[in-house]
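# Got a predicted structure plus its sequence, pasted below:
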Amino acid sequence: MSDVLQAGRSRAYPLPRREVAKALLAGRGEALVVAGLGATNWDISAVGDRADNFPLWGAMGGAAMLGLGLALAQPGRRVLVLTGDGDLLMGLGSLATIATQRPDNLALVAIDNESYAETGMQATATAGVVDLPGIARAAGFATVDSAVDEAGLARVLPLVHGGAGPVFIAIKVRLESLPLVMPPKDGAYLKDRFRLALLGPGAVAA
Amino acid sequence: MNGEAPNTADWQDALYDLLRQNGVTQFAYVPDAGHARLIDRSLADNGAHSVPLTTEEEGVALLAGADLGGARAVLLMQSSGVGNCVNLLSLMKGGRFPLLTIVSMRGDFGEGNPWQYPMGQAVEPVLAAMGVICLRIERPEEVLPTAGAALTMAFQSGQAVAVLLTQKLLGAKKF
């Protein structure tokens, strides 16, 4: 048995992820929302599927960079990316890429259950010594904070929505099995409805 | 062979201007000598975002995000970077996102570094397998017409297109 990863310790964490998603999205205002594949996709869909959400069904490692492209394209809109620790760990270099661009309208929120929950609850590196906010801070994110409980969540919510970007917030959430709440699967449909909502009727004719 | 084709900067400047005239505002790249001029131009351009990547697959996701936001982006990379992009190309196919990438080739005509051949020779079959159309350029006078065609294919027709700058165009490296 390995002692480098504390698999399962997150089962005791106080924050339930669906409540965290609800709290994060309650204050979204005009923000555009991207969710990484798997649980964060189901989380934002449980709060309510809508056209200005872009939930990923794949593209692991890509949620943060998709958020950067969107943030650069829409400098007047806040862009929130909610994604998991596994997705972020696959694309750690993108934290350097994003920090270099300094998008002041982009907020990345790591919903960190320290596990690959979709594939059997295997521990990720954040169940060991890896400190995602520390990596983001060292990369050069303008605002970095983390939350492990209700008080921490209350502290970081205003940073997610209004902190100087790029913002990186890590929220430790409880490892739990939840009902899957799925948005539409078709990527072209998700893209077209998002563009229609954001850009208007000309957006689909290319 | 000294490896460098003449007047490379001329068509690179014209290519940059063509991309900008067609509304491209995000230039994402892992550098290669064949893209040096485009990268320098994007860094000097206040109207464009010059986005150095740590790995090429970041650029694929960036392109999708740009399109969601109504912007046009291009991914500049060496042939070796194509291999790094493969799974993220699923995003472009599944979402029918436009993809425009300009790939400077290694491991083809006259290559002097054997380590470049496996990925260089795999570029076209790998891209084809992922639904990306490849347009090869071998002569300087083909650059602008081919790039213009690729812009139309990507941004008017929503296709995934790779423009391959071959070593016949760029000159082969001896190492």
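Thanks, I have it.
# Give me the residue at the spatial middle of the chain.
Here I'm looking at chain A. Residue closest to the mean C-alpha point of chain A, counted by Cα atoms, centre = their mean, is residue A:82 at 1.5 Å.
# please go with chain B instead
For chain B, residue B:102 is the residue whose C-alpha lies nearest the centre (Cα atoms, centre = their mean; 1.2 Å).
# What ranges does chain B have for its helices?
Ranges of helices in chain B, per DSSP state H, are B:8-21, B:36-43, B:56-68, B:79-84, B:89-95, B:117-129, B:143-155, B:167-170.
# ok, now chain A?
Here chain A has its helices, by DSSP H, at A:17-26, A:39-48, A:63-73, A:85-90, A:93-101, A:132-139, A:150-162, A:187-199.
# okay, those, which one's buried deepest?
Here the criterion is mean neighbour count by mean count of other Cβ atoms under 10 Å in any protein chain shown, and of the helices of chain A the winner is helix A:63-73, at a mean of 29. Using the backbone N, CA and C atoms, a C-beta is placed for each residue, glycine as well.
# What angle do helix A:93-101 and that helix make with each other?
Our comparison of helix A:63-73 with helix A:93-101, counting by axes from the mean of the first three to the mean of the last three Cα atoms, to 10 degrees, yields an angle of 20 degrees.
# Restricting to C-alpha, output helix A:63-73 in CSV.
The C-alpha coordinates for helix A:63-73 follow below in CSV (Å, rounded to 0.1, in the frame of the first residue of the first chain):
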residue,chain,number,x,y,z
ALA,A,63,-10.9,23.2,-20.1
ALA,A,64,-8.6,25.9,-18.8
MET,A,65,-7.2,26.7,-22.3
LEU,A,66,-10.6,26.7,-23.8
GLY,A,67,-11.5,29.3,-21.2
LEU,A,68,-8.4,31.3,-22.1
GLY,A,69,-9.4,31.4,-25.8
LEU,A,70,-12.9,32.5,-24.8
ALA,A,71,-11.6,35.1,-22.3
LEU,A,72,-9.3,36.7,-24.9
ALA,A,73,-12.2,36.7,-27.5
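# Could you check that helix against chain B for contacts?
Yes: legend: contact between helix A:63-73 and chain B by Cβ under 8 Å from any Cβ of the partner chain is shown at A:63-73.
# go on, stretch A:94-109?
Yes: interface with chain B: stretch A:94-109 contributes A:94, A:96-97, A:100-101 (Cβ under 8 Å from any Cβ).
# tell me which residues of stretch A:117-136 are tucked away?
A:117, A:121, A:123-127, A:132-133, A:135-136 (16 or more other Cβ atoms under 10 Å in any protein chain shown).
# could you give the mean pLDDT of it?
When pLDDT is averaged over stretch A:117-136, the result is 95.
# swap in stretch B:94-110?
On average, the pLDDT along stretch B:94-110 is 97.
# So for it, what gets flagged as buried?
Neighbour-count burial for stretch B:94-110, counted by 16+ other Cβ under 10 Å, picks out B:94-108.
# Ok, stretch B:142-161 next?
B:142-143, B:146-147, B:150-151, B:153-155, B:158-161.
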